[in-house]
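J.: I need the structure of the sequence given here:
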Amino acid sequence: MDLRYVRIGFIIISALLGSQIIGQGSAWSTWWRLAIGGVAGVVLVLVEAAIHRIGRVSVRGFSAAVFGLLFGLIMAKMVTDVTALIPMDAGMAAIVRVSLTWAFCYLGMTMALRGRDEFSVIIPYVQLARHDRAEETLIVDTSSIIDGRIVDLCKAKFIEGRLMIPRFILKELQAVADSHDSMKRSRGRRGLDVLAQLRETPGIDVKILEDDVPGISEPDGKLVKLAQVLGTRIVTNDYNLNKVAELQNVRVLNVNELAQALRSVVLPGEVLEVKPLKEGKEHHQAVAYLEDGTMVVVENGRSLIGQAVHGTVTSVLQTSAGRMIFLRPDGASSSKR
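T.: Sure thing, here's the model as predicted:
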């Protein structure tokens with residue numbers, strides 16, 4: 001449902017009402033009364049459009065419009081009851097009643113459509129419908145799409161339910177794919193490939209969310225607002241978005257945090273086998289990696305780069321960048337000779 005259709009219908013109804021209630025008992029022709037009613041409708045539409053420009057109306061917007069219409073009818077009824085206390089003839093009372101109903105219904109609908117994000121929070125019907133599906137719906141941001149691990153998480157059933165991709169996120173992904181920077185262009189195209197893979201994988205429900213958030217230009221702010229309105233969670237790899245969402249009581253599924261939590265637990269005294277790949281910061285150290293990406297610092301291992309090394313874990317250090325394991329190779333003293 002587009003707001004333009006509401007406006008056109010409103011103008012037509014205004015013209016028809018004008019033909020019935022304007023200039024009754026006078027010599028005015030029907031066409032003049034139609035024209036006056038139509039002009040009155042156009043003026044009110046222009047006033048409303050000048051206050052605020054309203055875009056596409058979604059199902060949630062339609063629900064808000066219905067409640068706005070009901071609100072307008074209630075307000076018109078209350079005001080006409082008050083005006084009934086004023087002495088006037090029956091014809092004038094009918095004109096006042098119709099005019100107030102006409103104006104309040106239109107204003108109620110447009111106000112509800114303009115503030116549908118906040119209005120849906122007030123309306124229990126809309127909020128409950130979303131709340132029932134909150135555990136089954138996830139909003140996905142650009143970083144998690146480009147990262148690509150979300151496909152494996154969905155296949156492994158760590159992430160289940162419907163994945164919602166907002167239209168503005170898809171536009172942002174397309175803009176990155178069309179970037180003049182070769183690195184950004186490569187990441188954007190990878191994100192589009194991942195999105196296509198998600199849509200083609202059986203058992204993964206992906207839907208493009210047409211809803212936008214007027215008044216907010218940043219994609220992160222729009223994501224948080226949408227998550228608040230829909231009562232759902234955000235899937236992301238973005239640290240800053242994670243913190244902003246948490247401050248606004250929006251739940252986040254951070255793929256990086258999940259990966260950190262699933263890394264192998266290694267304790268001092270355990271025996272590992274690694275293959276040093278490069279030199280460490282200290283002159284005698286070498287660096288290896290476990291299968292999950294955890295860094296292993298091999299003491300006295302510079303001469304063992306490229307070889308399979310057995311050793312004992314001496315300590316484990318947790319840093320902001322991740323977990324670091326320090327390993328002392330078996331027979332390290334003999335390897336230095």
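J.: what's near enough to touch the spatially most central residue of the chain?
T.: With distances taken as CA atoms, centre = their mean, residue 223 lies nearest the centre of the chain, 3.3 Å away. Listed by CB atoms under 8 Å, 6 or more residues apart in numbering, the contact set of residue 223 reads 139, 141, 166, 169, 234, 236, 241, 245. (Glycine included, C-beta is placed from N, CA and C.)
J.: Now do residue 225 against residue 240, distance only.
T.: Note on residue 225: its distance to residue 240, by CB to CB, to the nearest Å, is 16 Å.
J.: So between those two, which is more surrounded?
T.: residue 225 (19 against 9; other CB atoms under 10 Å).
J.: and the more buried one, helix, strand or coil?
T.: For residue 225, the assignment made with DSSP: H, G, I helix; E, B strand; the rest coil gives helix.
J.: Now do the SS call for the residue nearest to it when sequence neighbours are not counted.
T.: Nearest residue to residue 225 in three dimensions, chain neighbours excluded: residue 213, at 4.7 Å (CB to CB, 6 or more residues apart in numbering). Following three-state DSSP, residue 213 is assigned to coil.
J.: Just the pLDDT at residue 213, thanks.
T.: At residue 213, the pLDDT value in this model is 75.
J.: Now it: phi and psi?
T.: Per-residue torsions, residue 213: phi -120, psi 90 (degrees, to the nearest 10).
J.: what about stretch 300-318, start to end distance?
T.: Using CA to CA, to the nearest Å, one end of stretch 300-318 lies 21 Å from the other.
J.: which SSE is residue 276 in?
T.: Following DSSP states H and E, there is no helix or strand that holds residue 276.
J.: and it, what does it touch?
T.: Taking CB under 8 Å, 6+ apart as the contact definition, residue 276 lies against 286-288, 298, 301-302, 304-307, 309.
J.: And the closest residue to residue 288 other than its chain neighbours, how far from residue 245?
T.: Excluding its sequence neighbours, the residue lying closest to residue 288 (CB to CB, 6+ apart) is residue 274, at 3.8 Å. For residue 274, the distance to residue 245 (CB to CB) stands at 37 Å.
J.: Using the three-state scheme, assign residue 287.
T.: Each residue gets one of three states, and residue 287 gets strand by three-state DSSP.
J.: Local confidence estimate at residue 279?
T.: Predicted confidence (pLDDT) for residue 279: 84.
J.: What are the phi and psi values at it?
T.: Torsion angles at residue 279 (phi, psi; degrees, to the nearest 10) stand at phi -80, psi 150.
J.: do residue 162 as well
T.: phi -80, psi 130.
J.: Could you give the bridge partners of it?
T.: Beta-bridge partners recorded for residue 162 (DSSP bridges): residue 137, residue 205.
J.: just checking, it touches residue 139?
T.: No: with contact defined as CB atoms under 8 Å, residue 162 does not count as touching residue 139 (9.9 Å).
J.: Comparing the two, which shows the higher neighbour count?
T.: Counted by other CB under 10 Å, residue 162 and residue 139 do not tie: residue 139 has more neighbours, with 26 against 15.
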